[in-house]
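K.L.:
fold the stuff below for me.
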Amino acid sequence: MSGRVAYPSDLTDMQWAVVGPFLQAWRARRPSVSGRQGRYELREIVNAIFYQNRTGCQWAYLPHDLPPKSATYYHFALWRDDGTDQAIHDLLRCQVREKAGRSEDPTAVVLDTQSVRAANHVPAATTGKDAAKRVPGRKRGLAVDVLGLIVAVVVMAASATDNTIGVKLLDEVVKHTPTVTKTWVDSRFKDDVAIHGALLGIDVEQVKRSDHQPGFVPVKRRWVVEQTNGTLMLHRRLVRDYESRPTSSVSRTFWASAANLVRRLAGTTTPSWRDE
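P.N.:
Below you'll find the model as predicted:
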């Protein structure tokens, strides 16, 4: 990394030692015809993505000592479209699970959705209104394992039903983690999800909250996905959906989760934007 003063979101040397080999292998698979490896280090590109995720700044407002939009967005879009972002994230998740004494791939997941408001420049064709929560924008669906680690992400218009998102989440889970045979959902996921899960060989179980206990009560099995949603909200870029494409919103989620996974593997922390 260059001699600039580090931002709180920057990868430390220990963190780069975790994620760097994945990106160096990616670059080795794509040799340049001219022999040039690019003007900016991949570590700085990731630092720029992490900085934007944590602060929520616009592309044009990236600090001058980080790679500019042209280089950062080029890699962000390239990794989004070729699946590198999810591949890196999934490899990191496997390492975190092994570190926790679990097998690499989970056998059970928890599904949930979260509606977020969309910025005014987001195309209307990809947004809608969540009738239940009265939130105009997009709906982010997550599938997480029992540790709260993300397995699959789906982003659709907020008007999409939880059933629709649940079906797509199960498809993504089977596509990338075929070891999953069990999933827990809340009451908003109806029979369509259970039937689709049965066709895929996944047992779908509803876990309903109890209205008999006053105040906040963590719901068994489901609380881990709520915790994951709260952790993602520490990344300001995810508090509101600024992305023109839903696939970019998915990529943002994977990068935010990857930043959390790298910190867990390296045993380090990053100050939240709520800290003084």
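K.L.:
ok, Q114 - contacts?
P.N.:
K139, R140, L142, N229 (C-beta atoms under 8 Å, 6 or more residues apart in numbering). For the C-beta atoms, the positions are set from N, CA and C on the backbone; glycine is no exception.
K.L.:
pairing partners for whichever strand or helix holds the first one, with directions?
P.N.:
Assigned by DSSP states H and E, K139 belongs to strand 135-144. Using DSSP bridges, the strands paired with strand 135-144 are strand 108-117 (antiparallel), strand 128-130 (antiparallel), strand 150-157 (antiparallel).
K.L.:
now R102: how far from V109?
P.N.:
13 Å (C-beta to C-beta, to the nearest Å).
K.L.:
so how many other residues sit close to A158?
P.N.:
By other C-beta atoms under 10 Å, the residues close to A158 number 25.
K.L.:
just give the nearest non-adjacent residue to it, would you?
P.N.:
D130 (4.1 Å; C-beta to C-beta, 6 or more residues apart in numbering).
K.L.:
bridged to that neighbour, which residues?
P.N.:
V135.
K.L.:
that one: what's it in contact with?
P.N.:
Under the criterion of C-beta under 8 Å, 6+ apart, the neighbours of D130 are S115, P136, G137, K139, A158, S159.
K.L.:
would you agree the second one is in contact with K129?
P.N.:
Yes - counting by C-beta atoms under 8 Å, a contact exists between P136 and K129, whose distance comes to 4.6 Å.
K.L.:
which of the two has more residues huddled nearby?
P.N.:
Shown here are P136 and K129; by other C-beta under 10 Å, P136 has more neighbours (17 against 14).
K.L.:
list the contacts for the more buried one?
P.N.:
R117, A118, T127, G128, K129, D130, A158.
K.L.:
now do the shared contacts for P136 and K129.
P.N.:
Contacts common to P136 and K129, judged by C-beta under 8 Å, 6+ apart, are A158.
K.L.:
rewinding a little: which of R102 and V109 has more residues huddled nearby?
P.N.:
V109 (27 against 16).
K.L.:
surely the more buried one meets V151?
P.N.:
Yes - look at V109 against V151 with C-beta under 8 Å: they come within range, at 5.3 Å.
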